[in-house]
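> coordinates for the following, if possible.
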Amino acid sequence: MKDIELDIKNIFSKYVNINFEDEKLKEQNLFLNPINIYPIYLVAILIDIEKFYGINFEDEDILNGKFCSFNNITQLTLKMLIRGRR
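Model prediction:
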């Protein structure tokens, strides 16, 4: 799990300067204060994660707002990786 977190932190760092070492920020909604990420950056991050891991996030997860915090993104990535191994 720590490797996935590190990979995702590195992907985020290509687009935004957010210190996800702060555990409180990992739970924050990425679209709200104090983060306020631009939606286009989150789309780019989603695409980069999919390419990096060779996965495809489910539309339902994205549309239901589950791709909205660092921790949620990490959990969704792990879920897709586990599914891909079956």
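> tell me the secondary structure for residue 11?
Remark: residue 11 carries the secondary structure label helix [criterion: DSSP: H, G, I helix; E, B strand; the rest coil].
> roughly how far apart are it and residue 60?
Relative to residue 60, residue 11 is positioned 22 Å away (criterion: C-beta to C-beta, to the nearest Å). C-beta coordinates here come from the backbone N, C-alpha and C atoms, glycine included.
> those two: which has the busier surroundings?
When residue 11 and residue 60 are compared for neighbours, residue 11 comes out ahead with 19 against 8, by other C-beta atoms under 10 Å.
> can you tell me, leaving aside adjacent residues, what's nearest to residue 15?
If the residues on either side of it in the chain are set aside, residue 15 comes closest to residue 41, at 4.3 Å by C-beta to C-beta, 6 or more residues apart in numbering.
> ok, that neighbour - how many residues close by?
Using other C-beta under 10 Å, the number of residues around residue 41 comes to 14.
> state the helix or strand in which it lies.
When elements are defined using DSSP states H and E, residue 41 is found to belong to helix 39-53.
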